[in-house]
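Asker: Starting from these lines, generate the structure:
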Amino acid sequence: MLLGSLAGTPRVVVGGNFATPWHALAVLDAAIDEYALFALNAQPGLPDRDGVTPETPFTGAGMRGHSRLRYFPCRLSLVPALLREVLPPDVVLVHTSTPVNGTVSLGTEVNILPAAIEAARARGGLIIAQLNPHMPYTYGDAVLPQDQIDYAIEVEAPLASPVPRQPTEISRTIGDRVAALVPDGATVQAGIGAVPDSVLAALAERRGLGVWSEMFSDGVLALEKVGALDPNIHVTASFAFGSAELYDWIDRNPRIQLLRTEKTNDPSLIARKPKLVSVNTALQVDLFEQANASWVHGGIYSGFGGQPDFVVGALHSPGGHAIIALPSWHAKANVSTIVPRLTSSATSFQHSYVVSEHGTAMIWGHDSVGQAEQIIENVAHPSVRSELRAAGRDLGIRLR
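Answerer: Residues are numbered from 1 along each chain as shown. Below is the predicted model of the structure:
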């Protein structure tokens, strides 16, 4: 038996994010009593009944807090190997465009799906497609020959979009601080959240930017509209989600290149991009400069995702930087996001900068004491700086 397998239980891999083929999944759920359901960043609406075991390396709102969840800690770049070696699928459900010249496109969600399809094919599994005229036809590794599909279901339905996030004064301030670290001609990777969105909005005056990211949304379209992007460089990512306007923009757009995760998130390929600036956020950063973007109150909130892949790649990029940007205070929980020491596992560490609304901590090149000093004085909320300094001394950091 393979290490991660559930004995005798078929495994179904389904597209996640905002590209889940809901109708095809409902048909399959009605036909199979018991199965493992594997998805990345699953949204609400997945089958939730006895017999269905959710599995993921990145927990979205549709799986978060689920009592039967099997969470597999894994960098996004290595999820294809996880499916090939440990969690082989029996069925893969994909949401595609309608056929064009003997092919369909995976559209907005390439991600791990090519690897899942190959792993299923290797063991005689099934590939089931939900064909939708509203799914954009995108290029790169999104293109799938029709003969790779065993069964197809035709469904006409608009694509889902995330609820728009309104920027706050704090996120705009952080965005401006981060943008000051991004030069003209940089290649940008931005993660998911209000802070990365605000960073992209603050880059409107830059010119010659490239995009190499695991995902992108409407912030990249906004940069295209104002002429910030280099028109001679592909916008490269592994998946996308956003507004109907975004979906229209990427449809049959030769400048958009959606590649499989093994490529977009390969640190060695990321490192080849000069001046690659990686911008990600976190739930907590501690005085040892470790970032937690995955765990809340001892439970899994999301997962590693692509953050560690891009942090490593950006640090090796000529002129590149790895930035963690976050508010200094968690308003809902009414606690500092800068803590003496993480009590959960770290998602990433050793960044170039940590940025909050209060300032920018320069991490690279400082010793461990200097890093902690930078974080306390420039990133932490003023109300907790004395407390952090005392806690740091108790942890053996020789703070002044």
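
Asker: gap between the two ends of stretch 163-170?
Answerer: 20 Å (C-alpha to C-alpha, to the nearest Å).

Asker: how far out from the middle of the chain is that stretch?
Answerer: Chain-centre distance of stretch 163-170: 19 Å, with C-alpha atoms, centre = their mean, to the nearest Å.

Asker: One more: stretch 46-56?
Answerer: Distance of stretch 46-56 from its chain centroid, counting by C-alpha atoms, centre = their mean, is 22 Å.

Asker: ditto for stretch 243-262
Answerer: Centroid displacement of stretch 243-262 relative to its chain, using C-alpha atoms, centre = their mean, is 16 Å.

Asker: and that stretch, how far apart are its ends?
Answerer: First-to-last distance for stretch 243-262 - C-alpha to C-alpha - comes to 26 Å.

Asker: what comes into contact with it?
Answerer: Stretch 243-262 has contacts (C-beta atoms under 8 Å, 6 or more residues apart in numbering) with 76-77, 79-80, 106, 108, 110-115, 134, 136-142, 158-159, 161, 164, 214, 217-218, 221, 224, 231, 234-240. (Each C-beta comes from the backbone N, C-alpha and C, glycine too.)

Asker: how about N378, phi and psi?
Answerer: phi -110, psi -20 (degrees, to the nearest 10).

Asker: And T53, by the same measure?
Answerer: Main-chain torsions, T53, degrees, to the nearest 10: phi -110, psi 110.

Asker: Return the per-residue confidence for it.
Answerer: At T53, the model reports a pLDDT of 97.

Asker: What of L3?
Answerer: Note on L3: pLDDT of 44.

Asker: Likewise for N334?
Answerer: 92.

Asker: Please report how far it lies from G392.
Answerer: Using C-beta to C-beta, to the nearest Å, N334 is found at 22 Å from G392.

Asker: So these two - more neighbours on which side?
Answerer: Neighbours were counted for N334 and for G392 using other C-beta atoms under 10 Å; G392 has more, 22 against 7.

Asker: Packing partners of the helix or strand in which the more buried one is found?
Answerer: G392 is part of helix 385-394, with elements assigned from DSSP states H and E. Applying 3 or more C-beta pairs under 8 Å, 6 or more residues apart in numbering; DSSP states H and E, one finds that helix 385-394 contacts helix 368-378.

Asker: Let's see the helix it packs on as CSV, backbone CA atoms only.
Answerer: Output of helix 368-378 as CSV, limited to C-alpha atoms (Å, rounded to 0.1, in the frame of the first residue of the first chain):
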residue,chain,number,x,y,z
SER,A,368,20.3,37.4,14.6
VAL,A,369,20.3,40.2,17.2
GLY,A,370,20.2,42.8,14.5
GLN,A,371,17.3,41.1,12.8
ALA,A,372,15.3,41.0,16.1
GLU,A,373,16.1,44.7,16.7
GLN,A,374,14.9,45.6,13.2
ILE,A,375,11.6,43.7,13.6
ILE,A,376,10.9,45.2,17.0
GLU,A,377,11.7,48.8,16.2
ASN,A,378,10.4,49.0,12.6
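
Asker: on that earlier part again, filter the contacts of stretch 243-262 down to the buried ones.
Answerer: 76-77, 79-80, 106, 108, 110-115, 134, 136-142, 159, 161, 214, 217-218, 221, 224, 234-240 (16 or more other C-beta atoms under 10 Å).

Asker: Out of these, list just those in helices.
Answerer: Judged by DSSP state H, the subset of the buried ones among the contacts of stretch 243-262 located in helices is 79-80, 113-115, 218, 221, 224.

Asker: so where is the chain shaky, pLDDT-wise?
Answerer: Across the chain, the ranges flagged by pLDDT under 70 are 1-7.

Asker: how does it divide into domains?
Answerer: By the assignment in automatic domain parsing, the chain contains the domains 11-154, 169-214+265-394.

Asker: Reformat those domains as a markdown table; add distance to I250.
Answerer: Below are the domains of the chain laid out as a markdown table (distance: least, C-beta to C-beta, whole Å):
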| stretch | distance to I250 |
| --- | --- |
| domain 11-154 | 5 |
| domain 169-214+265-394 | 12 |
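
Asker: if you look at the buried ones among the contacts of stretch 243-262, which of them are in strands?
Answerer: Residues from the buried ones among the contacts of stretch 243-262 lying in strands, with DSSP state E as the criterion: 139-140, 235-237, 239-240.
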